[in-house]
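>>> mind folding the following:
(chains A and B)
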Amino acid sequence: MKISLNWLNQYVKINLPPDKLAVKLTNAGLEVESIEYLGEKYKNFVIGKVLGVPKHPNADKLTVCDVDIVAQNLKIVCGAPNVAVGQHVVVGLVGATIPKNQHDPEGKPFTLTKAKIRGVESNGMICSEYELDIGEDKDGIYILGNDTQIGQAFADFLGLNDVVFEVGITPNRPDCLSHIGIAREVAALLKKQLMVPSIKFKEDKELVSKNASVVIKDSNNCPRYSARVIKNIKIGPSPKWLQNRLSAVGIRPINNVVDVTNYVLMETGHPLHAFDYDKLESHTIIVRTASDGEYFTTLDEKGRELKENTLLICDAEKPVAIAGVMGGLNSEISESTQNILIESAYFNPSNIRRSSKYIGLNTNASQRFERGADPNITVYALDRCTQLISKIAGGKILKGVLDVYPKKFKPVKIKVRLSKVNSILGTNLSSEEVKSLLGRIGIQLKNILKKKDKDSVLLYEVPTFRPDIEREIDVIEEVARLYGYDRIETKTTSYIKFSSQTPKIEFNDELRQWLAGRGFNEVITNSLLSQEVASLTSENVVILKNPLSREMNAMRTSLIPSMLEIVRNNINRQEKNLNLFEIGRVYFSVDETEMSTLVTGYSEEERLILVKCGQSDFLNWSVHERKSDIFDIKGVIEDIFLKILLDKYKFIPYHATKALVDSAISIEIQNIEVGYLGKINDEILKKYSIEQDVYVAELSVDRLKQLYQSDKKYKSLPTFPSVIRDLAFVVEANISFAELSETIKSLGGGLVKSVELFDLYTGNQIDKNKKSFAFTIKFLSEEKTLTDEEVEVVIEKIINGMNSKHGAEIRK
Amino acid sequence: MKEKIEELKKLTEVEIANCKSLTDLESFRIKYLARKGSIAELFDTLKNVSPEERPVVGKALNELRSNTQRLFDERKVLLEMSVNVETKIVDLTLPGRRRWIGSLHPITQTLNEIKNIFFRMGFDVVFGPEIEDDYHNFEALNFPPDHPARDMQDTFFISENVLLRTHTSPVQIRVMETQKPPVRVIVPGRVYRNEAISARSYCLFHQVEGLYIDEGVTFSELKGTLVAFAKQFYSSSIKFRFRPSFFPFTEPSAEMDITCFLCSGKGCRVCKQSGWLEILGCGMVDPNVYKFVGYDSEKLSGYAFGMGIERITMLRYGIDDIRILFDNDVRFLKQF
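Below is the predicted model:
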């Protein structure tokens, strides 16, 4: 909220420069977000009087004005047609920054320097409305009334000699949403006296109780309603001082009555409302809740359908205001208003919050009521308002206050244990110190329940303007705040208590590191996308009720779509060779009865996605260009499994059923599907406007975590040497590598340790419908050194077996 | 004899200069230095020299042999070098054979550093769901229904009671529900805010939450731990301050600022001329929170803190638009 320094000074004498005060407030939890020096814009502008307007010797349309600014007489060259002797004008002195340059198409500001214009020196500038940024008139200079004071700073004339702080008030401090509230804090911080305006006015003999009445039908939601009536007032614009105060804190002046209610709101923090007394049927106020669907038009001329429980202020017939939120158009103060009823009430915070949320109106009043106003300030605020209105708008104040307050709010009393204060804060404060700190903000020591040095128990009373202080811990916080957080010692215990074992490197981090080492760049993408896209990979999409946009109204069910966006964006920037990965979550709605999840009805799974497209490798002068293909990504997956000691995995090719990929391979570990890999299908690529192949693998990290071997064990190394032989077989083209390598292993009778493919050939040297596989086979026995003869026997067996099973011919 | 030696010496000196290749040189060796070469022949005739002259002639002969050998060796080195230069040119300025270098996202890198510091202080790491219920995200954290504090965090709702968590704090509740004190954990994770996307805010970001509950934990120690963290993470020379603030689930609550490391506290655009940078929110766990999880607030006390990883990442690398982090341009990623 905006706080004016001049205004603040009315209640506490501040002897600090604005920036120092800002630091004090910030350190007390009232964060000053910015400081605005209102007069800054009109520094070096003063009011002057034109004494003479002789013609410029070298230019017909210019005059060389003689201008009195009290301190001196200035010669100023002026081109305005309307300049004349005797005028009071605004003079920009040398060094002033003209807010808007009327010779610049964009009106950019410029700074005045001493300049010669057509050979005559000019010591400033007489400004137009436009140049001063106070109006649109460019045709001549801005002329002030002759009652203005020559030599006065223009900023002062405008009432801009103020400093305004933008203070961030946390929701627990409704008491600080006012100048008196902030002044109270400042007084406590600077150890000064808080000066609250005293109230004096004369009441008429006529009794208010004979002229109006108040009935509360829902005292739960409206515990107090106070009102006064003033008759025969004169509506008009507010005096300048009042308008300046309101403008400084960002409130637009309207008329004297409304302005005073706003002024008192910003002064005391208590929202008030003035009704046109003559528009209140039977001059009666009834506070009741709305019925469902009840219709009402607020001050902003908007019709609103209300919900049951919305608290309404009504007259004998109809609603006249939504309690605590906004008044109604039907009882608004207008130019013809003569008599007014001023409301000063206290409403239940959660009721007002619900109304304000439902109606979608967040007003100065609702903001304060929903955070908690002070029920015991209603009459003070009402009287303050009455005092000012009668002073400014005249009228007679009817005798007495209508004050319905069935159940009085008493100040809360809180037991505070000194030992608790010190054990929470880590301090060593005495009960005297605590008392003096709390006393500064009006929290009074009422009783000492137990007097025993460090174990004293004290009874404090909290004023009702601090609804946030309800418990011992709340009082402790105030002690800490007033004592100063920075004065509390910064220390650590000399020993560390372990809550559990120091964690091992997380599986995910290990995976990330490894993939980065393997040349993949990690990305982090948005987990929100459109329902349409999310539905491509699952039927169980989680949908947001209040999304930012339709493009982000659902949670992802696969990491592929958000990754494809990244791929597209990079390709558009000519980065076409991509190796990317992400570890992130996907989200599903699940049957509430079927699965037990942390939040019933929803499940989350952590996944890894790998993407490869463009060149297979970093090109260099001795490597030929090759495009990535599915085996690049398959190889990475195989290496991951090797790395995390998973060896019981299977790749099972299938025809694309997953909507996003074709030539896909399902990946299983111990017969559990952990993911799949494949090529993004062309239609999807088209949707993303990607014009190159993209290969992808998506795995469940959660499942890998369950299945992998976290405990690494040493396997003894072979005692005997291995024998390595290369064999090439020519087979029909439809026979797969997997079949052949299985056969070789099974024929090896335990002696074949590994089978690796080192060449795959199709071409002129063999039949057209055949292909040649060249294997490196490693033979090893755990028991002895194999002889050539023993190996030859096995090879013979393999060759024969391959031939009978697959029709494979050995290639010589 | 002497004349012959002298003549041979001249001859070898001329001929060695004519050796243009290793083949020439080999012929030279065979002609003069081999077992049947001219010098060996002269040695054979040494027996015909008179005994008086023999030592002198022998010496001269030896000199001839070692001189010829030296000529040969020198020429050989020279020729071998020139062979390399002429036939096997290696351009050592060619680039090395490189591979693609991967990278971890800067958010991951920042998070890892933060985690490692807290690991060394004895904190464990736990996780929680991003789709969260109202109870854990708000109610049990002492945000009553209809409380304006809920406005501090614009929320994405999935149903009336289910939402995308707005902070990692609900995991505090989940940990305390399942674990007996003492508790000393950090919680990294993704959180969501229903805010328009701009240079300064994104619809999601990452936080690290911390929670320590035990007997005798004080505000003083909260300060100590966080200052120790900040000194390790930023610099041992930073200055800090704690300002009162408000979070429903801590009391007293504070915000921690450190001196702006971009301008050393002098005031700049990033710190909005204040000289301070806000780096985290913290406070003592509110007794109401203990009620929700069945902890004894009379026996136990503790602190909690939370920080935004994007903000820290942006500050330390000088990134001025949060969207860059989620744009994942590889030219950006490869800088880390």
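>>> in a strand, B:Glu80, correct?
No - checked against DSSP: H, G, I helix; E, B strand; the rest coil, B:Glu80 lies outside a strand; its state is helix.
>>> ok, then the element right after the helix ranked longest in chain A?
Scanning chain A for the longest helix, with DSSP state H as the assignment, gives helix A:788-806. Next in sequence after helix A:788-806, counting helices and strands by DSSP states H and E, comes strand A:809-810.
>>> packing partners for that next one?
Counting contacts by 3 or more CB pairs under 8 Å, 6 or more residues apart in numbering or on different chains; DSSP states H and E, strand A:809-810 is packed against strand A:723-732, helix A:788-806. Glycine gets a C-beta too; all of them are placed from N, C-alpha and C.
>>> need the residues that contact the helix or strand following the first one.
Same thing as strand A:723-732. Counting by DSSP H and E, the element after strand A:723-732 in chain order, helix or strand, is helix A:737-747. Residues outside helix A:737-747 that contact it (CB atoms under 8 Å, 6 or more residues apart in numbering or on different chains) are A:729, A:731, A:752, A:755, A:757, A:760, A:773, A:775, A:777, A:794, A:797-798, A:801-802, A:805-806, A:808.
>>> so A:Leu610 sits right up against A:Ala697, yeah?
Yes - using CB atoms under 8 Å as the test, A:Leu610 is close enough to A:Ala697 to be in contact (4.6 Å).
>>> between the two, which contacts overlap?
A:633, A:636-637, A:677.
>>> widest-spaced pair of those?
Spatial extent of the shared contacts of A:Leu610 and A:Ala697 (CB to CB) is set by the pair A:Val636 and A:Leu677 at 9.2 Å.
>>> for the record, mean pLDDT for stretch A:598-609?
Averaging pLDDT along stretch A:598-609 gives 93.
>>> flag every buried residue along the longest helix of chain A.
Residues of helix A:788-806 classed as buried by neighbour count (16 or more other CB atoms under 10 Å in any protein chain shown): A:791, A:794-795, A:798-799, A:801-802, A:806.
>>> tell me the one of the residues you listed nearest A:Arg368?
A:His806 (85.7 Å).
>>> surely the closest one meets A:Ile735?
Yes - the pair A:His806 / A:Ile735 is scored as a contact, 5.4 Å apart, by CB under 8 Å.
>>> buried residues, stretch A:522-536. List them.
Result for stretch A:522-536 [16+ other CB under 10 Å]: buried residues A:522-531, A:533-534, A:536.
>>> straight-line length of it, end to end?
End-to-end span of stretch A:522-536 (CA to CA, to the nearest Å): 24 Å.
>>> and that stretch, anywhere near chain B?
Yes - Stretch A:522-536 reaches chain B (CB under 8 Å from any CB of the partner chain) through A:522-528.
>>> sorry, back to before: next, format the shared contacts of A:Leu610 and A:Ala697 as TSV and append neighbour count and distance to B:Ala196.
TSV is the format used below for the shared contacts of A:Leu610 and A:Ala697 (neighbours: other CB atoms under 10 Å in any protein chain shown; distance: CB to CB, whole Å):
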residue	neighbour count	distance to B:Ala196
A:Ile633	22	37
A:Val636	22	38
A:Ile637	20	40
A:Leu677	22	37
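>>> quick check: mean pLDDT of the helix or strand where A:Leu449 lies?
Using DSSP H and E, A:Leu449 maps to strand A:444-450. The average of the pLDDT scores along strand A:444-450 is 92.
>>> swap in stretch A:618-637?
On average, stretch A:618-637 scores 89.
>>> what does stretch A:83-97 give?
93.
>>> could I get the buried residue list for that stretch?
Those would be A:83, A:87-93, A:96, for stretch A:83-97 by 16+ other CB under 10 Å.
>>> kindly report the same for stretch A:389-403.
Result for stretch A:389-403 [16+ other CB under 10 Å]: buried residues A:389-390, A:392-393, A:395-399, A:401-402.
>>> those: which two are farthest apart?
A:Ile392 and A:Leu402 (22.5 Å).
>>> related to what we said a few turns ago, find the residues that touch each one of A:Val636 and A:Leu677.
Joint contacts of A:Val636 and A:Leu677 (CB under 8 Å, 6+ apart) are A:610, A:697.
>>> neighbours around the closest residue to chain B within the stretch 101-250 of chain A, how many?
Closest contact between the stretch 101-250 of chain A and chain B, by CB to the nearest CB, is at A:Thr170 (3.4 Å). For A:Thr170, the count of nearby residues is 19 (other CB atoms under 10 Å in any protein chain shown).
>>> quick check, it in a helix?
No - read with three-state DSSP, A:Thr170 is coil and lies in no helix.
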